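# from the sequence below, what's the structure:
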Amino acid sequence: MIFLSPFNQNDFERFKSWIKSQDELFQFAGPIFTYPLTDEQLITYINDSRRITFKVIHSNTNEVIGHCELNFENALPRLSRILIADTNARDKGLGKLIVHKMLEELFIKRNFDTADLNVFDWNKNAIRCYEQVGFAINPAIVKSQMNNGEAWTALNMVISKKDWLTKKA
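Okay, here's the model as predicted:
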């Protein structure tokens, strides 16, 4: 129903059009970008060798509906910047499909054993999606990040290859 394809400069205008405010950008990307998003920021982003960036394409329509990233900055590979931009495509299970595709890339193609992600504690739909795939909240890692003078709490969630394969079966 979806597939991942490399994100590149041809995708910049569409990507920028999805982000309507500082809060949306921070929710999606944390502090790595500043609003408004510029081509210069995105060029730096796609040229960072610690990241593999993808556009999410709906198989039935060939429409680009979102974005995601595999991040290799830390000891564990991290699923990052997952966005279903097309609001009509939300709440249809596509988030789980995206996460499964990302984990397939990490666990099957690249043979990692564990992965993590961060999610803001108020984003209950995302947390539920990640739990349904097999992620569990790691209570040892909780971060607070400032956005427009307001503290946003980010939870860390972790999954093992074994747990993913069990949940997927």
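
# quick check, pLDDT for residue 145.
pLDDT for residue 145: 88.

# wait, it sits on residue 31?
Yes - counting by Cβ atoms under 8 Å, residue 145 does reach residue 31; the two are 6.3 Å apart. Every residue, glycine included, has its C-beta placed from N, CA and C.

# neighbour count: those two, which is higher?
Shown here are residue 145 and residue 31; by other Cβ atoms under 10 Å, residue 145 has more neighbours (14 against 10).

# tell me the bridge partners for the more buried one.
residue 152 (DSSP bridges).

# quick one: it from residue 81, how far?
Taking Cβ to Cβ, to the nearest Å as the measure, residue 145 and residue 81 are separated by 14 Å.

# pLDDT weak spots in the chain?
Across the chain, nothing is flagged by pLDDT under 70.

# ok, the spatially most central residue of it - contacts?
Residue closest to the mean C-alpha point of the chain, counted by Cα atoms, centre = their mean, is residue 82 at 2.3 Å. Residue 82 makes contact with 66-69, 95, 98-99, 102, 117, 126, according to Cβ atoms under 8 Å, 6 or more residues apart in numbering.

# any idea which element it lies in?
Remark: residue 82 resides in strand 78-84, with elements defined by DSSP states H and E.

# then that strand to CSV, C-alphas only?
What follows is strand 78-84, C-alpha atoms only, in CSV (Å, rounded to 0.1, in the frame of the first residue of the first chain):
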residue,chain,number,x,y,z
ARG,A,78,16.5,5.8,15.2
LEU,A,79,13.2,6.2,13.2
SER,A,80,12.8,9.9,12.8
ARG,A,81,10.7,12.6,11.2
ILE,A,82,7.8,10.4,10.3
LEU,A,83,5.0,12.4,8.7
ILE,A,84,1.8,11.6,6.9
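
# strands paired with that strand, and their directions?
In the sheet, strand 78-84 lines up with strand 64-71 (antiparallel), strand 114-120 (parallel) (DSSP bridges).
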